[in-house]
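Q: what shape does this take:
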Amino acid sequence: MKKAILLLMSVQFLVYLGFGIIIPVLPEVIVQQHWADLHVGGLLTVYSLASFFTAPFWGMLSDKIGRKQLILTGLIGFSLSFVIFSLFIDNLAILYVSRMIGGLFSGALYTAVTGFIADMSNEENRNKYMGFMGMSIGLGFIFGPAIGGILGHYSLQLPFITSASLIALLFIYASFVLKEPDKRKDSNKRAIVPHGAGKMLQYRVRYLFMFSFLVTFLLAGVEATFQLFQIEKIQITPLQIGYLFMFSGFVDAAIQGGVVRRIKNGSETAWLIGAQIITAIGMLLFTLTTSLLIAGLALCIFTAGNALARTCVVSLSSKESGGQYGTAAGLSYSMDNLGRILGPLFFTWLFTVQTNLGYYISAAIAIFSISLIYLYKASRKSLRFEEVQD
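A: Below is the predicted model of the structure:
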């Protein structure tokens, strides 16, 4: 059991490390090849699109061929996507293909790992195991951009070769260690729109899901444009980007590990409002960048606000779900993916229109999102005390 959990945590960590590792490298590739800046958003978006829309297919397939088989298939495909990216880094069309392959097989891995945990756990320990997965995902997001920036300093291909090698080693290890779990009847495959979502969205929790979308939308926009913006402002390098993301990652971890757990029940809305004000301040500070110090300060302030908002809204959505935790988690995942699909394209387009425009609009969106919290508070149509089964 412990070996399986550690291996599944490693899979999730490497998937999200692989997503993050491209963030400081991709803009540098686009700039060096003299391609349009909009392709930064395009290459990030096709990955999320492929992952999002193929997840239901992978869910059905995992029920037929088994969780282990799908995990092994996903690891091969995910590793292959990095190999293709490193070999054809100067070919835009093939880069799009490699990103689609990466998103395709990351969807397979996410679905298979989630199903595996559902199979091997029960109601008492499932939340604990899902928490481990969430921690692995968070660590992948923290260290991915940092590793990508540091390795990219030596060679733009090196981060992808390293990722491919680590995933290949994990495939070998999983082949011997992972054992197919006994299937449970209640381990449902993930749909694009979770079962029961229509009913849940009739209640005030819908405002929290809309808020969650905007939080991720802004995060994806910053990830897509931050380096392009800083290249123009202060000629930032991938190594410097790596260090900045590493430091902001520790800010993220400190917020989630030190601040969020001290938030008292019932005070979440006040924290969410404060988080978006902090986010807006960080966005506006980006536009004042004249040095690496200001860029790092702005990124850390934005990260603090965003991390606080992301964690609080997930927690509050769960409390508002009326016991429908699976549906709430599925909707949160869908909102997260939708933000990652639309955010990069929208904000890289704004960047091509005017350098600072995306950050001004982001600050406005952050402030606007506070209205959703007031709408949530004003509504009395709540599922909170209606314990409904998924």
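Q: tell me who's in contact with L169.
A: For L169, no contacting residues are found, by C-beta atoms under 8 Å, 6 or more residues apart in numbering. From N, CA and C alone the C-beta is placed, and that goes for glycine too.
Q: is it in a helix, a strand, or coil?
A: What DSSP: H, G, I helix; E, B strand; the rest coil gives for L169 is helix.
Q: quick one: it from S362, how far?
A: 39 Å (C-beta to C-beta, to the nearest Å).
Q: same question, S79
A: Taken as C-beta to C-beta, the span from S79 to S362 is 35 Å.
Q: can I get stretch 367-375 as PDB, trimmed to CA atoms?
A: C-alpha atoms of stretch 367-375 as PDB (Å, rounded to 0.1, in the frame of the first residue of the first chain):
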ATOM      1  CA  ILE A 367     -11.500  43.200  -8.000                       C
ATOM      2  CA  PHE A 368     -14.600  42.300 -10.000                       C
ATOM      3  CA  SER A 369     -14.400  38.700  -8.700                       C
ATOM      4  CA  ILE A 370     -15.000  40.100  -5.200                       C
ATOM      5  CA  SER A 371     -18.600  40.800  -6.300                       C
ATOM      6  CA  LEU A 372     -19.100  37.000  -6.700                       C
ATOM      7  CA  ILE A 373     -18.300  36.600  -3.000                       C
ATOM      8  CA  TYR A 374     -20.900  39.200  -2.100                       C
ATOM      9  CA  LEU A 375     -23.400  37.400  -4.300                       C
END
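Q: in it, what counts as buried?
A: Residues of stretch 367-375 classed as buried by neighbour count (16 or more other C-beta atoms under 10 Å): S369, I370, L372, I373.
Q: of those, just say which sits nearest to P145.
A: Using C-beta to C-beta, S369 comes nearest to P145 of those, at 24.2 Å.
Q: element containing that closest one, please.
A: In this structure, S369 sits in helix 357-378 according to DSSP states H and E.
Q: also R380?
A: Using DSSP H and E, no helix or strand contains R380.
Q: ok, for it, nearest residue in space, not its chain neighbours?
A: Using C-beta to C-beta, 6 or more residues apart in numbering and skipping residues adjacent in sequence, the residue nearest R380 is R204, 7.7 Å away.
Q: residues contacting the one you found?
A: For R204, counting by C-beta under 8 Å, 6+ apart, the contacting residues are E320, L375, Y376, S379, R380, K381, S382.
Q: cutoff 6 Å now
A: R204 makes contact with Y376, S379, K381, S382, according to C-beta atoms under 6 Å, 6 or more residues apart in numbering.
Q: flag whichever of the residues you listed scores worst on pLDDT.
A: Among the contacts of R204, S382 carries the weakest pLDDT, at 71.
Q: how does this protein divide up, domain by domain?
A: Domain segmentation of the chain under automatic domain parsing yields 1-179, 193-381.
Q: would you mark the buried spots in stretch 82-97?
A: F82, V83, I84, F85, S86, I89, L92, L95, V97.
Q: just the closest of those to F116, please.
A: Nearest to F116 among the buried residues of stretch 82-97 is F82, at 23.0 Å by C-beta to C-beta.
Q: wait, that closest one touches F160, no?
A: Yes. Contact status for F82 versus F160: in contact at 4.2 Å, counting by C-beta atoms under 6 Å.
Q: what stretches of the stretch 51-200 of the chain score poorly on pLDDT?
A: 118, 121-131, 134-135, 182-198, 200 (pLDDT under 70).
Q: going along the chain, name the helices of it.
A: Applying DSSP state H, counting those that start in this stretch to the stretch 51-200 of the chain gives helices spanning 67-87, 92-120, 126-152, 158-177, 197-200.
Q: redo the ones you listed as JSON lines? Include distance to N337.
A: Formatted as JSON lines, the helices of the stretch 51-200 of the chain follow (distance: least, C-beta to C-beta, whole Å):
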{"stretch": "helix 67-87", "distance to N337": "17"}
{"stretch": "helix 92-120", "distance to N337": "10"}
{"stretch": "helix 126-152", "distance to N337": "13"}
{"stretch": "helix 158-177", "distance to N337": "21"}
{"stretch": "helix 197-200", "distance to N337": "14"}
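Q: quick one: which of those is nearest D252?
A: helix 126-152 (6.1 Å).
Q: show me which residues of that closest one are buried.
A: In helix 126-152, counting by 16+ other C-beta under 10 Å, buried: 126, 129-130, 133, 135-152.
Q: next: stretch 11-22.
A: V11, Q12, F13, L14, V15, Y16, L17, G18, F19, G20, I21, I22.
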